[in-house]
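3D model of this:
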Amino acid sequence: MTLVARFRALPDPSLSAIEGTHEAVFVGPAVLRAAAPRAIALGGMPRWYGKRFAASGAPDVLEGVNLLRAPGGGFEAKLSMRAAVAPSWLDGRPALVVSYVDAPPPWRWVRDEFRSLDETTLLGLTFVASPRLRALAQPFTLERREIGSSFGS
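So this is what the prediction gives:
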C-alpha cells in the first residue's frame with residue numbers, strides 16, 4: 001500500500017493528536033528522503049527538526065512553530081503555523097490541516113495535512129497550493145517527542 005493510500009485509509013483525526021512536540025521523519029522513496037531536507041533548507045529552514053503545537057485562544061485551533069536545531073544545541077522556533085481539523089485536499093475527509101501564518105514564500109503556498117497512524121505518530125502529506133502541484137503530495141511523519149524547553153527565539 002502506498003503512503004498516500006495509507007493516508008486515505010486512516011481514521012478521522014482529533015486536534016489533540018498534534019498537540020505537543022514532534023520530530024519529523026522523512027519517509028517514502030529514497031530520492032524524496034534525500035531531497036526533502038535540502039528543499040526545506042533552501043526554503044529558509046536549515047537543520048529542521050519538526051513542529052511544536054499548543055493551545056491558542058480559539059477552541060478549535062492550535063498555534064505552532066517549526067523547530068530548528070540550534071548550532072550550539074537546543075532548538076529555535078521559526079515560521080508560525082496554525083492547525084485545525086478541516087477537509088483534506090486529498091480526499092475531502094477530515095484531516096489535521098497545518099497552514100503557515102504570514103509566511104514568506106514558499107511557505108505561504110504550503111499546506112501540511114496529517115492523520116494519526118497510532119498514539120504517537122502522525123502520517124503527513126505536504127501539498128503546494130497549486131492545482132498542478134497538489135497531486136505531488138510529499139509524505140513524512142511526525143513522531144511525538146519530549147525535548148524539554150531549550151529554545152531560543
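
what helix or strand does the closest residue in space to residue 93 that isn't next to it in sequence sit in?
Counting by CB to CB, 6 or more residues apart in numbering, residue 93 lies nearest to residue 12, which is 6.4 Å off, once chain neighbours are set aside. In short, each C-beta sits where N, CA and C put it, glycine included. Assigned by DSSP states H and E, residue 12 falls within no helix or strand.

now do residue 114
Per DSSP H and E: strand 110-116 holds residue 114.

quick one: average pLDDT of that strand?
Mean pLDDT, computed over strand 110-116, is 96.

Parallel or antiparallel, list what pairs with that strand.
strand 94-100 (antiparallel), strand 121-128 (antiparallel) (DSSP bridges).

Compare these and give me the one nearest residue 40.
Closest approach to residue 40 among these is made by strand 121-128 (9.6 Å; CB to CB).

how about the CA coordinates for that closest one, as PDB?
Presented in PDB, the C-alpha positions along strand 121-128 are these (Å, rounded to 0.1, in the frame of the first residue of the first chain):
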ATOM      1  CA  THR A 121       2.900   9.000  15.100                       C
ATOM      2  CA  LEU A 122       1.200  11.200  12.500                       C
ATOM      3  CA  LEU A 123       1.400  10.500   8.800                       C
ATOM      4  CA  GLY A 124       1.600  13.800   6.900                       C
ATOM      5  CA  LEU A 125       1.300  14.900   3.300                       C
ATOM      6  CA  THR A 126       2.800  18.200   2.200                       C
ATOM      7  CA  PHE A 127       0.900  20.000  -0.600                       C
ATOM      8  CA  VAL A 128       1.700  23.000  -2.600                       C
END
